[in-house]
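Q: Here's a sequence, model it:
(one chain, ligands or ions: 1)
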Amino acid sequence: MDYKRMPIEIESPEQLGYENVKYNLTESSVSDVIYSDLRLHLNDLKLCYGHHVGKPELRALIASEFSNISEEQVLLTAGAASALFIVATSLLEKEDHLIVVRPNYASNMETPRAIGCEISYCELLFENKFEIDVEEIRAQIKPNTKLISITHPHNPTGAVVSKDTLLQLAELAEKHNCFLLADETYRELNRQEIYPAGASLHNRIITVCSLSKAYGMPGIRIGWLITQNADLFEKFLAAKEQIFVCNPVIDEEIAFQHLSKKEEYFSMAGKHITENYNSLLNWMSRESRMEMIEPAGGVVCFPRIKNGGSIDMKKFYELLNTKFQTFVGPGHWFEMPAHYMRIGFGWPSNKELEQGLQNISLCLDHFIK
Ligand SMILES: Cc1ncc(COP(=O)(O)O)c(C=O)c1O
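A: Here you go, the predicted model:
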């Protein structure tokens, strides 16, 4: 494996130090929850090895949302990140080919690259509202294609794939004897209808999800994989056992208790997301130098500066970071041109978001009159 660090991690607030990022519009999650607010009961927890597949009650709770999924089809992982790693390393060899919808979450490209696979990209275009073109994917299939990889709702654009498109992709995967990886980390942040997990809709879809984004808990590393395919499940479990044996029992317990009260949590988090989303739309309607496809899901959007080729984007980001103490996810985090930027609107307080957005406008004043 030829590992390389990714710009999205090298330039992240975790690396820069959160104390150095005053207006943080880089995050793709909702605000982090505070432990004491959750009123958890952990005193009697035994710090033993956990179940290799994951805490049964938590797996059952995750499965209970879908009528045709049982806990035996849910494998707990260390965040979505390790689930993606397990999928890539279980299914892909150097000689294999995969199709990745781009932009995408960086490790969905970087792990297959580290394995040495051949990748074809299906580029999402602003002009097409960042919608997936199934025919383009169909045309890229090769005899050695093993995986089609999407995120949905999409990071960084917030675009949502229709159920119809998802099923067309799953049928394509079935026809060509490969799998559809649906990174659904933002599934419950869909602003319209919340779709069932892809894995519950088709046996060729592998669902990856976690508590990091919608539930504000990236600090406990809990995610999961869902597949209806028992052989695949066994392979994923073997990978998990070799990488980390089991999840920390304390993470699983926190996750279980938090997820058990999800209605209470979402009614609170939902208000914050709506308030911030409205601030984003208001700012965008006033900011004529930028354009955006409204995100249908998630808590990120991917606007661009109009005629962006004409300004020095390196200088723009430098000024935004230094003079305005404001940070966004610049286009290169997603292998996109620099005049695109990911703005995370779910993580900051409303006041911080409004000031951060205002700072983007003030910074633009230095480059565009
Ligand atoms: C689409 C997507 N998948 C996976 C991850 C990894 O999340 P986790 O913290 O659950 O490992 C992220 C994090 O940004 C993401 O945006």
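Q: From Ser310, how far out is the nearest residue to Pro348 once chain neighbours are set aside?
A: Using C-beta to C-beta, 6 or more residues apart in numbering and skipping residues adjacent in sequence, the residue nearest Pro348 is Asn24, 5.9 Å away. C-beta: built from backbone N, CA, C; applies to glycine. Going from Asn24 to Ser310 by C-beta to C-beta, to the nearest Å gives 28 Å.
Q: ok, so what distance separates the residue nearest to Pro348 from the ligand?
A: Asn24 sits 14 Å away from the ligand when distances are taken as C-beta to the nearest ligand atom, to the nearest Å.
Q: what sits against that residue?
A: If you count contacts by C-beta atoms under 8 Å, 6 or more residues apart in numbering, Asn24 has them with 13, 18, 327, 344, 347-348, 352, 356.
Q: Now, these that are in helices?
A: Per DSSP state H, helices hold the following members of these: 13, 352, 356.
Q: tell me the contacts of Ala114?
A: 1-4.
Q: Residue numbers of the stretch 51-200 of the chain in contact with the ligand?
A: Residues of the stretch 51-200 of the chain lying close to the ligand (C-beta under 6 Å from any ligand atom) are 79-81, 105, 151, 155, 183, 185.
Q: now, which of those residues lie within helices?
A: 79-81.
Q: quick one: average confidence on stretch 343-357?
A: Stretch 343-357 shows a mean pLDDT of 97.
Q: chain center to it: distance?
A: Centroid displacement of stretch 343-357 relative to its chain, using C-alpha atoms, centre = their mean, to the nearest Å, is 19 Å.
Q: can you pull the buried residues of that stretch?
A: The neighbour-count check on stretch 343-357 (16 or more other C-beta atoms under 10 Å) flags 343-348, 352-357 as buried.
Q: quick one, strands of the stretch 1-150 of the chain?
A: Under the criterion DSSP state E, counting those that start in this stretch, strands of the stretch 1-150 of the chain are mapped to 23-24, 74-77, 97-102, 118-123, 145-151.
Q: who touches the last one?
A: The contact list for strand 145-151 (C-beta under 8 Å, 6+ apart) reads 87-88, 91-92, 96-101, 104-105, 108, 112, 132, 137, 161, 169, 172-173, 176, 178-186.
Q: separation between Leu42 and the ligand?
A: From Leu42 to the ligand the distance is 21 Å (C-beta to the nearest ligand atom).
Q: Without its sequence neighbours, what residue ends up closest to that residue?
A: Nearest non-adjacent residue to Leu42 (C-beta to C-beta, 6+ apart): Glu253, at 6.1 Å.
Q: Also Leu16?
A: Closest residue in space to Leu16, ignoring its immediate chain neighbours: Phe327 at 7.8 Å, by C-beta to C-beta, 6+ apart.
Q: That neighbour - how many residues pack around it?
A: Counted with other C-beta atoms under 10 Å, residues neighbouring Phe327 total 25.
Q: Equivalent analysis for Ile194, please.
A: By other C-beta under 10 Å, 12 other residues sit near Ile194.
Q: Three-state assignment for it, please.
A: Under DSSP: H, G, I helix; E, B strand; the rest coil, the three-state class of Ile194 is coil.
Q: which ones are touching it?
A: Shown in contact with Ile194 (C-beta under 8 Å, 6+ apart): 187-188.
Q: Mind doing that once more with 10 Å?
A: The contact partners of Ile194, by C-beta atoms under 10 Å, 6 or more residues apart in numbering, come to 65, 153, 187-188, 297.
Q: Out of these, which comes closest to Arg39?
A: For the contacts of Ile194, the minimum distance to Arg39 (C-beta to C-beta) is 21.5 Å, reached by Glu188.
Q: Isn't the closest one up against Gly216?
A: No. Using C-beta atoms under 10 Å, Glu188 makes no contact with Gly216, being 11.8 Å away.
Q: who touches both of the two?
A: Shared contacts of Glu188 and Gly216 (C-beta under 10 Å, 6+ apart): Ala269.
Q: Pretty sure Glu72 sits against Asn229.
A: No. Counting by C-beta under 10 Å, no contact exists between Glu72 and Asn229, whose distance comes to 11.7 Å.
Q: What are the boundaries of the helices in the stretch 101-250 of the chain?
A: 107-115, 134-140, 163-175, 198-201, 230-243, 249-260 (DSSP state H, counting those that start in this stretch).
Q: Buried ones in the longest one, by neighbour count?
A: Meaning helix 230-243. Using 16+ other C-beta under 10 Å as the test for burial, helix 230-243 gives 232-233, 235-237, 239-240.
Q: residues contacting Ile222?
A: Counting by C-beta under 10 Å, 6+ apart, Ile222 touches 54-55, 58, 76-80, 209-212, 215, 247-248, 251-252, 254-256, 258-259.
Q: The residue lying closest to Asp183 once chain neighbours are set aside: neighbour count?
A: Nearest non-adjacent residue to Asp183, counting by C-beta to C-beta, 6+ apart: Thr151, 4.1 Å away. When neighbours are counted by other C-beta under 10 Å, Thr151 registers 26.
Q: same question, the one 3 residues further on
A: Applying other C-beta under 10 Å, we find 27 residues neighbouring His154.
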